[in-house]
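Peer 1: Sequence and predicted model, in that order:
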Amino acid sequence: MLLCPVIRKLQHRRVVLASSSPRRQEILSNAGLRFEVVPSRFKEKLHKASFATPQAYAVETAKQKALEVAGRMHQKDLRAPDVVIGADTIVAVGGLILEKPVDKQDAYRMLSRLSGTEHSVFTGVAVVHCCTKDGQLDTRVSEFYEETTVKFSELSEELLWEYIDSGEPMDKAGGYGIQALGGMLVEYVRGDFLNVVGFPLNRFCKELARLYHAPRAPGAPPRIHYDSIPAVDTFEDLNDAEGGVSDQAPANGGLEAGGAQPRAPHTRDAPDLNGVRDSQPPLPAGLLGLMDGFKASKVLLTACKLNVFDVLKDRGPLTAADVAREIGASVDGTERLLDVCADLGLLQKADGGYSNTETASLHLVSDAEQSLHGLAAYLDGPVWGAFTHLGRAVREGATWIPEPLPQAPHKQSTEATLQFMRASHGLSKLTAHHVATAFDLSPFTSACHLEGCTGALAHKLVQEYPRLQVTVFDLPEVIELAGGFQAGAGPSERVHFVPGDPSSGRLPPADLYVLCSLAHDGPDHRLHGLLRRVSRSCRAGAGLLLAELAPAEEEEEAGGAARRSPGLRILGAGRPPRGPGQYRRLLQGLGFQDVQATRAGDLLHVVLGTRAPP
Ligand SMILES: Cc1cn([C@H]2C[C@H](O)[C@@H](COP(=O)(O)OP(=O)(O)OP(=O)(O)O)O2)c(=O)[nH]c1=O
C-alpha cells in the first residue's frame, strides 16, 4: 500500500497540527508530512453523558480542538492555514471514558480498572479544511475515529505503583503509554498500534485518499473538486508523479501541485466548460518540481553551513532573532531560512519559536552520532561546484564529479581531502550496520576494505564478527588523516590501516574484499578496474562484498525509472543505478560465482560473490 503519495498531497499546503502531543507530531513527521504545530487551547470539558458513544465524544473533542486553532489563527493572521488536524485519544472500559489522569490516585484508579481486562482505545480525528471568503473563515470538517482493543495482564499493586511512580501515566489517556514502559502491562493488541499511541495513521491516509480522490462514477462528468488535487480511483492505486517527469498524463488530467507552482489553496477549479478542460494536457508539475528542486537542497545545505541545527540542538524553541544572533546573520534572512526549513520538515515551528525535528537532531547536527553534516558540506562545496559547470563536463565527456577526490590527491589540498573524508565517514557510519549484516560473513576471518577511508565500516564489521580482522586499505594521504575520526565505539586491535593505492599496486591478502565507497560513486570503468584487480589477486573461494547506493524499491520495480529521486538516479558519476541482474552479470563476468544481491536499509544494494577457481 502506498502511503507516502497520499501524504504528499498535503505537501504544498499549510498544514497545522492542533496538538501538543509529541507522539502525534512524531507519527506524522515520520510519515513525511510537513506541518506546523499549534497546540489547541480548547478545554476538553464536553459533557460525556450527552454523547451516544465514547467515540462520538472523542470525535467531537478532536473537532473542537482543530476548530479552535483554525479560528485563532484566522483571527491573528487574518488568514487561516489550509488544513488543521485535531485528534483526541480516550480509553473506554465498561461504559467509562478515561482521559489523562489528574493525579497519581486517579492514575491508580484507571490502571486498576484496566488490570486483567480488555478495553478500547478510540482516537477521534478531525481534518478541517479552511478557506477565507470576504474576510470570513469558512471551514469544511471531515471526521472519523479508529478503535483498537488492548488487553492488560493482571497488575500487582507493587507493579502498579512502580509504574505510576515512573511518571509515565500522567499525560496519557487511561494512564498508560503502550509505546514505552506501559507496553509491559499489555497482553495483546487488536488493531492499529499507532491509534493507541495517539494517531491512526493508516486510517488517516485512507481518509485523505477518500477525501481527495473519491472515485468518479463511470460516465459521470468530471467533478468540480476541491482545489488542485487530482482524482485517482483508490488509495492503493495512487500513482504519484510528483517528483519526476512522467510521459503518462495523470489519470484525471488534473493539476498537480508542483514545487514551482504558486499555492492557491482557496480556489476551486472552474467547472468543465464543454469538456474543454479534459482536452488540455496536464500541467507539468513534476517537471516544474524537478526544475526548482535545487532550491530546497540549497536551503538545507545552507542551514547546515550556518550551523542552524547546531544552534537549536538540545534547546527549547528559539526565535528567529535568537538564532540570527548566534549564527551572525540578519533577522529577516534567518527567519525566511527557518520558515523554509520548517516547510521542508527540517524544523518545527510553534508559537513563533523553532526547534529541530527528530531528523535534524539525528542527522544534521554536526556532532550527532549519525550526522550527515560532513556530507552536506561536501555536496555544498565541490559537488555543487561541479554541477554548476555540468554543461562543460558533458561537452568534454568528463565525469560529473571531479574524478574521485582523494584518488587524485596531488590535486587536492588537505582540507579538500578532509572534506571528502567527512562526507564518506557520515555515510559509512549511517550505513555500516546494513552493509555488515546484509549477509552472514562469519565464515571469513580476514577482510580488506578497499578505499576504506576512516574505517567506519571496518569497525562495524569487527563489532559484528568477533573472529574477523579487517584491513582498511586506502591512499597514504587518507590513512594519515583517518586517525582524526572517531570510527567506532573505541579503537579496535582487529582493525589495521594500511596505506597504498587500491587502483594500482598489490592488494593486501584477505579472505574477503569489501568495496563500499558511497560518497563517490565513480564511473563504471573505475569500479570495473578495481573489481578486476580483486579478481586477479584473490584466491579461489575468497569473497567479494560490494555495496552501492540504490533507488527506492518501488521505483526500481517500475523499470528503474527512479522517478522520485533524481539525486540517486544520477549517482556521483552520472549513471543510472544497477539492478541485481546487472551485478550478477558484472561479477560473473569477472570470475565470481554464487553471486547474491540484496537490498539493505532501503538505500543500498549489497552483493556477495565467491571467486571461482581459475
Ligand atoms: C493510551 C495511550 C495514550 N497516549 C497518549 C496519546 C495522547 O497524546 C494522549 C491522550 O490525550 P489527548 O487529549 O488525546 O492528547 P494530548 O492532550 O496529549 O494532546 P492535545 O491536547 O494536543 O490533543 O495520550 C499514549 O501516548 N500512549 C498510549 O498508550
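Peer 2: Everything's here; your move. Numbers count the residues shown, from 1 in each chain.
Peer 1: what element comes up after the helix or strand harbouring Glu415 heading to the C-terminus?
Peer 2: Using DSSP states H and E, the element containing Glu415 is helix 414-437. Downstream of helix 414-437, the first helix or strand assigned by DSSP H and E is strand 446-450.
Peer 1: so that following strand versus helix 414-437, what angle?
Peer 2: 140 degrees (axes from the mean of the first three to the mean of the last three C-alpha atoms, to 10 degrees).
Peer 1: angle of the next helix or strand after strand 446-450 against strand 446-450?
Peer 2: Downstream of strand 446-450, the first helix or strand assigned by DSSP H and E is helix 456-464. Put simply, helix 456-464 runs at 160 degrees to strand 446-450, going by the same axes, to 10 degrees.
Peer 1: Which residues does the helix or strand just after helix 456-464 contact?
Peer 2: Next helix or strand after helix 456-464 toward the C-terminus (DSSP H and E): strand 469-474. For strand 469-474, the external contacting residues (C-beta atoms under 8 Å, 6 or more residues apart in numbering) are 406, 445-453, 455, 458, 461-462, 479, 482, 494-500, 502, 507-508, 510. C-beta here means a position set from N, CA and C on the backbone, and glycine is covered the same way.
Peer 1: for the following helix or strand past strand 469-474, packing partners?
Peer 2: Remark: after strand 469-474, the chain's next helix or strand is helix 476-482, criterion DSSP H and E. Identification of packing neighbours for helix 476-482 by 3 or more C-beta pairs under 8 Å, 6 or more residues apart in numbering; DSSP states H and E yields helix 414-437, strand 469-474, strand 495-499.
Peer 1: buried stuff in helix 476-482?
Peer 2: Neighbour counts over helix 476-482 (16 or more other C-beta atoms under 10 Å) mark 477-479, 481-482 as buried.
Peer 1: ok, the residues you listed vs the ligand, which is closest?
Peer 2: Ala482 (44.0 Å; C-beta to the nearest ligand atom).
Peer 1: got the phi/psi numbers for the nearest residue to that closest one once chain neighbours are set aside?
Peer 2: Leaving out its chain neighbours, the residue that sits closest to Ala482 by C-beta to C-beta, 6 or more residues apart in numbering is Thr454, at 4.9 Å. The phi and psi values for Thr454, taken as degrees, to the nearest 10, are phi -90, psi 0.
Peer 1: What is the burial count for Thr454?
Peer 2: For Thr454, the neighbour count with other C-beta atoms under 10 Å is 27.
Peer 1: From the contacts of strand 469-474, list just the buried residues.
Peer 2: Looks like these have 406, 446-453, 455, 458, 461-462, 479, 482, 494-497, 500, 502, 507-508, 510 buried, using 16+ other C-beta under 10 Å.
Peer 1: Kindly report the residues of the stretch 101-250 of the chain close to the ligand.
Peer 2: 121, 171-174, 176-179, 182, 196-198 (C-beta under 6 Å from any ligand atom).
Peer 1: where does this structure come near the ligand, residue by residue?
Peer 2: 19-21, 23, 39-40, 44, 65, 87-89, 91, 100, 121, 171-174, 176-179, 182, 196-198.
Peer 1: Can I get the buried part of those as one ChimeraX selection?
Peer 2: To isolate the buried ones among the residues of the chain next to the ligand in ChimeraX, judged by 16+ other C-beta under 10 Å, type:
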select :19,21,23,40,65,87,88,89,91,100,121,172,173,174,176,177,178,179,182,196,197,198
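Peer 1: Now go through the residues of the chain next to the ligand and say which are in helices.
Peer 2: Counting by DSSP state H, these place 23, 65, 196-197 in helices.
Peer 1: Could you dump those residues into a markdown table and include pLDDT?
Peer 2: Output for these, formatted as a markdown table (pLDDT from 0 to 100):
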| residue | pLDDT |
| --- | --- |
| Arg23 | 93 |
| Lys65 | 96 |
| Val196 | 97 |
| Val197 | 97 |
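Peer 1: Need those in CSV (columns: distance to Tyr145).
Peer 2: Shown next, in CSV, are those (distance: C-beta to C-beta, whole Å):
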residue, distance to Tyr145
Arg23, 17
Lys65, 14
Val196, 13
Val197, 15
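Peer 1: which of those residues sit farthest apart?
Peer 2: Greatest spacing in those, by C-beta to C-beta: Lys65 and Val196 (18.7 Å).
Peer 1: How much space separates the closest residue to Ser442 other than its chain neighbours from Pro508?
Peer 2: For Ser442, ignoring the flanking residues on the chain, the nearest one in space by C-beta to C-beta, 6+ apart is Tyr465 at 5.6 Å. Shown here: Tyr465 relative to Pro508, a distance of 18 Å by C-beta to C-beta, to the nearest Å.
Peer 1: and what of Leu475?
Peer 2: Separation of Leu475 from Pro508 (C-beta to C-beta): 14 Å.
Peer 1: Now the common contact residues for the two.
Peer 2: With C-beta under 8 Å, 6+ apart, Leu475 and Pro508 have common neighbours Gly500.
Peer 1: Glu143 pairs with what?
Peer 2: Ala126 (DSSP bridges).
Peer 1: ok so, going back, kindly compare burial across the helices and strands packed on helix 476-482 and name the winner.
Peer 2: Mean neighbour count, computed with mean count of other C-beta atoms under 10 Å, is highest for strand 469-474 among the helices and strands packed on helix 476-482, reaching a mean of 26.
Peer 1: Work out the gap between it and the centre of the chain.
Peer 2: Centroid displacement of strand 469-474 relative to its chain, using C-alpha atoms, centre = their mean, to the nearest Å, is 32 Å.
Peer 1: Then stretch 47-60?
Peer 2: 36 Å.
Peer 1: got the buried residues for it?
Peer 2: Buried-residue list, stretch 47-60, by 16+ other C-beta under 10 Å: 51, 54-60.
Peer 1: Kindly report the same for stretch 365-375.
Peer 2: Buried-residue list, stretch 365-375, by 16+ other C-beta under 10 Å: 365-366, 368, 371-375.
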